[in-house]
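**Student:** how would this look folded up:
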Amino acid sequence: MLQRLPTLISAFAVAHVLANPAPAPAPAAAPDLGNAAIQRSNISCTFSGTDGWALAHVSKTACSTIVLSSLTVPGGKTLNLDGLNKGTTVIFQGNTTFGYSEWAGPLFSVSGNQITVKGDPGSLLDGQGALYWDGKGGSRGKTKPKFFRANNLNDSILDSITIINAPKNCYSLNFIHNLTIINPTIDDRIGDALGKNTDGFNINNANGIYITGAKVWNQDDCVAINSGSNIIFEQGFCSGGHGLSIGSVGLVANPPFVSNVTFQDTIMEKSQQSVRIKTVTNATGTVDNITYRNIQMSGGSAYGIIVMQSYNGKNGHPTNGVNITNFVMQNVTGTVLPVAVNVYVECGVGTCRDWKWDGVSVTGGQSAANSTLPCQNVPEGISC
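**Tutor:** As a prediction, this is how the structure comes out:
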C-alpha cells in the first residue's frame, strides 16, 4: 500500500475549485523552477502490505525516500528498484517476505547512482530458503532464485541489511563502481543440511567495493571475487561456507582479471577452506596483488589454505594460462580438522610468482606431502 495523502488533498482542492470558479488571476511571475525541483526531490513514500512491491516499482522515480514496510512479495516476482533517481534512499522496515516459486530470480534488484539502501533495526528480508533447499544446489533439483542483485549500483551504500534463508546466491554485485557495504548479515544457518550454493557475496566486473562488519552463515563462498579490482573485505565473520575466495577466475561470463584485493581482520569458522584462490582449467588471465591479513580460522573441513589452477578440470593437473602474482599473507593462523589438509598449492609451470607469506600457521590437519595430491610448482620461499 502506498500512502498518498497529498494526492487526496489535491483531488479535493480540484473539486472545490470546479464547484466555486474564481475570476481569472492577474498574470504572475514565472515560478522558481529550482525551488520546485527541490520540493519534488523531498518526497517520502511508504509502501507496505501485499501490493506495496508493485506500487514501489511503478512509483520509484517519484520518491526521494522509499520506505518498504513489512512487504509481502509474491512468488515469481522481483521487488524491482532498478533505475532509481540519483540520491534516492531506500529503507527496509519490519519483515519483508518473498513468496515461493521455482524461478531464477532475483528476489530484489536495485541500481542507480549515489543510492543508499538501509535496514532499520530489527528489519529483515526473508527468502524462505527452506522451501527450496533440496541438497541439489543451484543447478539441479528445484529452480532456486538468486536473492539480491545490484547491477550498475555506483557511488552507493548498503547499510545494516539483514537477509535470512536465501534460496541460492545472496548478493550478486555486477558492474559496480564504488560501493560501500556496512554491517550486512546473511543468515542461512538453518540450511546446513540441505542448502547449497548459498554464496554470500558474488562479485563480478567491479571496481571499488568496501565491505565491513559482515556476518555470514552459509553453505558456499563467504565472498567470491570472480573479476574486479580495488576490493576490501574486513572485520568479518564467516561460518560454514567455502571461505574467502578469489575466483573462479576464467569463467566465460567474466573478464579473467582480479587485482588489488584485501581480506583482513576476519574470523573463519567451520569453513570448507578459509583462504582460496581458484583459476579455471585452460583459462587465461591475471590474479595480482592479493592480500590476506589477520585471518583466524578454526574447524576447516577440507583445507586451511588452497591455491588451485585446475578448477572445473582434473585435480592435480594445473594449467598455465592464469598468472597469480604478488600474493601476500600476513598472520593467517588457526586449525583445521584432522581429515583436512593444512596448506595446498597447485600452480602451473611458472604462473605463481612473487609471493610473500609471513606468520602463516595452519595446524591440526595433514601435510599436502602426505595427501593424495602433493603441492606442485610452489613459488620460492613458500612452505607447503
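
**Student:** wait, residue 114 touches residue 153, no?
**Tutor:** No - counting by Cβ atoms under 8 Å, residue 114 stays clear of residue 153, with 9.9 Å between them. Every residue, glycine included, has its C-beta placed from N, CA and C.

**Student:** with neighbour numbers in mind, choose between the two.
**Tutor:** Using other Cβ atoms under 10 Å as the criterion, residue 114 and residue 153 rank with residue 153 on top: 27 against 16.

**Student:** which non-adjacent residue is nearest the more buried one?
**Tutor:** Nearest residue to residue 153, sequence neighbours excluded (Cβ to Cβ, 6 or more residues apart in numbering): residue 111, at 5.3 Å.

**Student:** which elements pack onto the helix or strand where the one you found lies?
**Tutor:** In the assignment (DSSP states H and E), residue 111 maps to strand 108-113. For strand 108-113, the elements it packs on are strand 79-81, strand 148-159, judged by 3 or more Cβ pairs under 8 Å, 6 or more residues apart in numbering; DSSP states H and E.

**Student:** need those in JSON lines (columns: distance to residue 257 and mean pLDDT).
**Tutor:** As requested, these are arranged in JSON lines below (distance: least, Cβ to Cβ, whole Å; pLDDT from 0 to 100):
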{"stretch": "strand 79-81", "distance to residue 257": "30", "mean pLDDT": "99"}
{"stretch": "strand 148-159", "distance to residue 257": "19", "mean pLDDT": "99"}
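
**Student:** turn those into a markdown table, columns for distance to residue 214.
**Tutor:** Below are the helices and strands packed on strand 108-113 laid out as a markdown table (distance: least, Cβ to Cβ, whole Å):
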| stretch | distance to residue 214 |
| --- | --- |
| strand 79-81 | 22 |
| strand 148-159 | 11 |
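
**Student:** so for residue 47, which of these sits nearest?
**Tutor:** For residue 47, the closest of the helices and strands packed on strand 108-113 is strand 79-81, at 9.6 Å, according to Cβ to Cβ.

**Student:** and the closest one, what other elements does it pack with?
**Tutor:** Secondary-structure packing of strand 79-81 (3+ Cβ pairs under 8 Å, 6+ apart): helix 52-59, strand 65-73, strand 108-113.

**Student:** among the ones you listed, show me which one is buried the most.
**Tutor:** The highest average neighbour count among these, using mean count of other Cβ atoms under 10 Å, belongs to strand 108-113 at a mean of 22.

**Student:** now the angle between strand 65-73 and it, please.
**Tutor:** Inter-element angle recorded for strand 108-113 and strand 65-73: 160 degrees (by axes from the mean of the first three to the mean of the last three Cα atoms, to 10 degrees).

**Student:** ok, residues contacting strand 108-113?
**Tutor:** By Cβ atoms under 8 Å, 6 or more residues apart in numbering, the surrounding residues in contact with strand 108-113 are 78-88, 90, 98, 117, 125, 147-156.

**Student:** which SSE is immediately downstream of it?
**Tutor:** Per DSSP H and E, the first helix or strand lying C-terminal to strand 108-113 is strand 116-119.

**Student:** against residue 110, how distant is residue 305?
**Tutor:** For residue 305, the distance to residue 110 (Cβ to Cβ, to the nearest Å) stands at 35 Å.

**Student:** do residue 352 as well
**Tutor:** Separation of residue 352 from residue 110 (Cβ to Cβ) stands at 38 Å.

**Student:** same question, residue 198
**Tutor:** Look at residue 198 and residue 110: by Cβ to Cβ, they are 20 Å apart.

**Student:** flag the shaky bits of the chain, pLDDT-wise.
**Tutor:** Applying pLDDT under 70 to the chain picks out residues 1-41.

**Student:** domains of it?
**Tutor:** Split into domains by automatic domain parsing, the chain comes to 43-220, 255-384.

**Student:** in JSON lines: those, plus distance to residue 233.
**Tutor:** Output for the domains of the chain, formatted as JSON lines (distance: least, Cβ to Cβ, whole Å):
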{"stretch": "domain 43-220", "distance to residue 233": "5"}
{"stretch": "domain 255-384", "distance to residue 233": "5"}
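
**Student:** what's the closest of these to residue 241?
**Tutor:** Closest to residue 241 of these, according to Cβ to Cβ: domain 43-220, at 4.5 Å.

**Student:** okay, how far is it across the closest one, tip to tip?
**Tutor:** Separation of the first and last residues of domain 43-220 by Cα to Cα, to the nearest Å is 40 Å.

**Student:** roughly how far is that domain from the heart of the chain?
**Tutor:** In terms of Cα atoms, centre = their mean, to the nearest Å, the centre of domain 43-220 is found 9 Å from the chain centre.

**Student:** can you map out the helices along the chain?
**Tutor:** 5-19, 33-40, 52-59 (DSSP state H).

**Student:** ok and the last one relative to strand 108-113, angle-wise?
**Tutor:** Spelled out, that is helix 52-59. Going by the same axes, to 10 degrees, helix 52-59 makes 30 degrees with strand 108-113.

**Student:** contacts for helix 52-59?
**Tutor:** Outside of helix 52-59, the residues within contact range by Cβ under 8 Å, 6+ apart are 1-2, 45, 47, 66, 68-69, 71-74, 77, 79-81.

**Student:** and it, C-alpha only, in PDB?
**Tutor:** Extracted C-alpha coordinates of helix 52-59, given in PDB (Å, rounded to 0.1, in the frame of the first residue of the first chain):
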ATOM      1  CA  GLY A  52       3.400  -2.400  -1.900                       C
ATOM      2  CA  TRP A  53       6.000  -4.200  -4.000                       C
ATOM      3  CA  ALA A  54       4.200  -3.400  -7.300                       C
ATOM      4  CA  LEU A  55       3.400   0.200  -6.300                       C
ATOM      5  CA  ALA A  56       7.000   0.700  -5.300                       C
ATOM      6  CA  HIS A  57       8.100  -0.400  -8.800                       C
ATOM      7  CA  VAL A  58       5.800   2.000 -10.700                       C
ATOM      8  CA  SER A  59       6.300   4.900  -8.300                       C
END
